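have a look; sequence and predicted model below, questions after that.
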Amino acid sequence: MEMTIRLARTALAKALASVAILSLSAPALAGAGTAAAPAAPATVNARDAAPPELRLWVDARAGTGQPVHWVAEGGVYEYPSGRKLFGMIGFDSSRVIWPAKAGDPVIHLTRKTFTYTDPVTGEVLREYNGKPVSPIAYPYQMITYRLENGEIMADVEQGTGKAVQMIKARDGIRYRQLGRDTVAFTASIFLDFPLPSGARYDAWENYDFFIHRTGTVDEPHQMSWQRFGALPAWAGGGKAIYHLVSWRVESEAEFPARTLEWARTSMPMWLKPPADVAEVRRLQQDAAGEGWAK
């Protein structure tokens, strides 16, 4: 979740990628997470011309035009005892910009935020043991997707001023078919790098997205996220296991009630993704701008 750090995506085996590409092209998954595909138009746009596995991923993750949201709920567990320390809730808001030219990278604009909750009552935590609890919040991330050598690559741009980062994907997102009606997209992240304080940051995260054929389940876009790493300083440090389940909603009306209340009262900016690349460039200019830590 801590995306200010360098990301590294799991290498995709060539044989598995080849199988996945063939499977995704098959009629069994032509409608996974989407409506039935219409007849090809006379003029093919960049989205229609995209390889099926890339189109399926982008449509599910960022929508096809109107903003979409992924809401999440879960918990944080002490390691190795397994005792639940906190709950977590959060969401991201996304939109997609397909390129004018087929084959050029697809742009995914997103904002995301998550916060900790009381493990028993579920109330949002504002402080813990006398220390303020800060939500995890990114006013923007700009992700570009491309298909390269049979792999979905995702480059991430984030940060402000001199701290703007372009995190180039080193490996692809793994994708594979599960049965007739589901495609799984997996990104594993292995983190180990020095911090300015002299300490070292090391953690492991794994994202599993499950995209189902429309009509087979109530919500065809689902995700499970796990993390093993250090707790934030306000929580006292130590190692913990994080786990969230997430699903896509099309509007605020579909948010869980507690998440929507928190979003509207504390994080209203995050209910809408960046409007365009120009807004991202404005956010990059000033680290004390809206949404960034003052």
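Here it is on my side, so go on. Numbers count the residues shown, from 1 in each chain.

buried stuff in the host helix or strand of residue 142?
Per DSSP states H and E: residue 142 is located in strand 136-148. For strand 136-148, the neighbour count (16 or more other C-beta atoms under 10 Å) marks 136, 137, 138, 139, 140, 141, 142, 143, 144, 145, 146, 147 as buried. (C-beta placed from N, C-alpha, C; glycine too.)

from residue 280, how far off is the fifth one?
The spacing between residue 140 and residue 280, counted by C-beta to C-beta, to the nearest Å, is 5 Å.

identify the contacts common to the two.
The contact sets of residue 140 and residue 280 overlap at 109, 274 (C-beta atoms under 8 Å, 6 or more residues apart in numbering).

quick one on the thing from earlier: let's have the buried residues of strand 136-148 in CSV, adding distance to residue 106 and pLDDT.
Formatted as CSV, the buried residues of strand 136-148 follow (distance: C-beta to C-beta, whole Å; pLDDT from 0 to 100):
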residue, distance to residue 106, pLDDT
136, 25, 93
137, 25, 95
138, 19, 93
139, 21, 95
140, 16, 97
141, 14, 96
142, 11, 98
143, 9, 97
144, 7, 97
145, 5, 96
146, 7, 93
147, 10, 89
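
among the residues you listed, which two are most distant?
Across the buried residues of strand 136-148, the longest distance by C-beta to C-beta is 30.9 Å; it joins 137 and 147.

low pLDDT regions in the stretch 151-294 of the chain?
Confidence mapping of the stretch 151-294 of the chain against pLDDT under 70 gives the ranges 195-197, 287-294.

can you give me the strands for it?
Along the stretch 151-294 of the chain, counting by DSSP state E, counting those that start in this stretch, strands occupy 151-158, 165-167, 174-178, 182-194, 200-212, 221-230, 239-249.

of those strands, which is nearest residue 107?
Per C-beta to C-beta, nearest to residue 107 of the strands of the stretch 151-294 of the chain: strand 151-158, 9.8 Å.

which secondary structure elements does that closest one contact?
Counting contacts by 3 or more C-beta pairs under 8 Å, 6 or more residues apart in numbering; DSSP states H and E, strand 151-158 packs against helix 52-62, strand 136-148, strand 165-167.
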